[in-house]
Every structure is written in C-alpha cells, then in structure tokens.
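>>> just the structure for this:
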Amino acid sequence: MDLLAQKDSWLVYALFAIGAVMLVYTLYLLVEQRRSLVFEVSRGPWTYVVSVGLIVFAVGYYFFAGQSLKEIATGSVLFAFAIFMAAVRNGVGRTGVYIDGVRYAWSKVDAARVAKDHGNPVVTFRIKDIERPIRLPGCDVKEVSQFVSEMGKSYGFNTK
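Residues are numbered from 1 along each chain as shown. Here you go, the predicted structure:
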C-alpha cells in the first residue's frame, strides 16, 4: 500500500507540474499573440462551451471523486487546458504563424505562398520540407498576400 501511495504522490506532483507549465505557456502565447497577430482565424462556436464544460467537469470530478490532492491536481490540468482552448488563437502575425497552439517563427520558414480558396486567403508555409496551410476566412486576399510578401523580405524566405 505504501508503494501505491508513493506512486500517487509522484502522479500528483507531475499533474501539478503539467498544469503549471500549460498555464505559463498559455500566458506566454496570449501575450505574444496580442502584440503580434495581424490576421486571425475566428474561434468556432463550440470553443467556449467546451472550455466551460471542462472546468465544470474538473470541479465535479473534485467533489464526486473524493476531494483529495489527486483530484485537485487532475482538475488543475483540465482547467489549464480549458484556459488554453479559450485564450489561444490561430492566425498570422508579425513574429510568425500560429496554428493549434504552436508558433512557427518566420525566421524558420523556408517559403510561403498565399492562394485563394472560395474567396478566402490560404497561407501555406514550408519549414524543412513540411508544408502547413492556414485558412483565414473573412480576410482580404490582397492584404494577406502583401503582408506575407513583406514578411518574406524581412525574414529572407521565398514568397512565390
């Protein structure tokens, strides 16, 4: 039984660490995106509903699963993930491209191009022979193309 308690305490510390790292990373991205984003992808209608649902689940889990430190640690990870979902955005900014909670710096981009898909711009960028597209609904294709061209000149990557 003592061995099981030791494993659980390790798990509790690991969960608290994961939750803390995720919150710090979320705050970093939030600040970074506030000063950098120029073109943003609007969030889906369910993003906030799922975030609130995760927080409600975390609180419910704490009360119904035993109200121990382990449940608080588990709830902290769920809470951090919910905040991450609600706060972090996808888009194109002055310092890089933000997709799925990851910032791809312009300095790492080998090439980028802008295409038009159903009237909306699609920025496709390549890093180390891997291409990633990001659709920017509601943005002007000419503005996005001009912006990507300026970033290409500033950071030295091909924009054709």
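
>>> show me the helices in the protein, by range?
Assigned helices in the chain, in chain order: 2-36, 47-64, 69-87, 141-155 (criterion: DSSP state H).

>>> can you lay out these as a markdown table showing mean neighbour count, mean pLDDT and distance to residue 133?
Placement of C-beta: from N, CA and C, glycine included. Listed next are the helices of the chain as a markdown table, based on neighbours: other Cβ atoms under 10 Å; pLDDT from 0 to 100; distance: least, Cβ to Cβ, whole Å:
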| stretch | mean neighbour count | mean pLDDT | distance to residue 133 |
| --- | --- | --- | --- |
| helix 2-36 | 13 | 82 | 19 |
| helix 47-64 | 14 | 89 | 20 |
| helix 69-87 | 19 | 89 | 21 |
| helix 141-155 | 16 | 92 | 13 |
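
>>> need those in TSV (columns: distance to residue 106).
Shown next, in TSV, are these (distance: least, Cβ to Cβ, whole Å):
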stretch	distance to residue 106
helix 2-36	10
helix 47-64	26
helix 69-87	22
helix 141-155	4
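
>>> for those, which one sits closest to residue 132?
Residue 132 lies closest to helix 141-155 among those, at 13.5 Å (Cβ to Cβ).

>>> show me what that closest one is packed against.
Here helix 141-155 touches strand 37-41, strand 90-93, strand 111-117, strand 120-127, going by 3 or more Cβ pairs under 8 Å, 6 or more residues apart in numbering; DSSP states H and E.

>>> which one of the helices of the chain lies nearest to residue 108?
When those are compared (using Cβ to Cβ), the closest one is helix 141-155, at 8.9 Å.

>>> now do the closest one: everything it contacts.
Defining contact as Cβ atoms under 8 Å, 6 or more residues apart in numbering, one finds that helix 141-155 is touched by 38-39, 92, 94, 106-107, 109, 112-114, 116, 119-121, 123, 136, 157-159.

>>> what pairs with the closest residue to residue 140 other than its chain neighbours across the strands?
The shortest distance from residue 140 to any non-neighbouring residue, by Cβ to Cβ, 6 or more residues apart in numbering, is to residue 121 (7.4 Å). Taking DSSP bridges as the rule, residue 121 bridges to residue 116.
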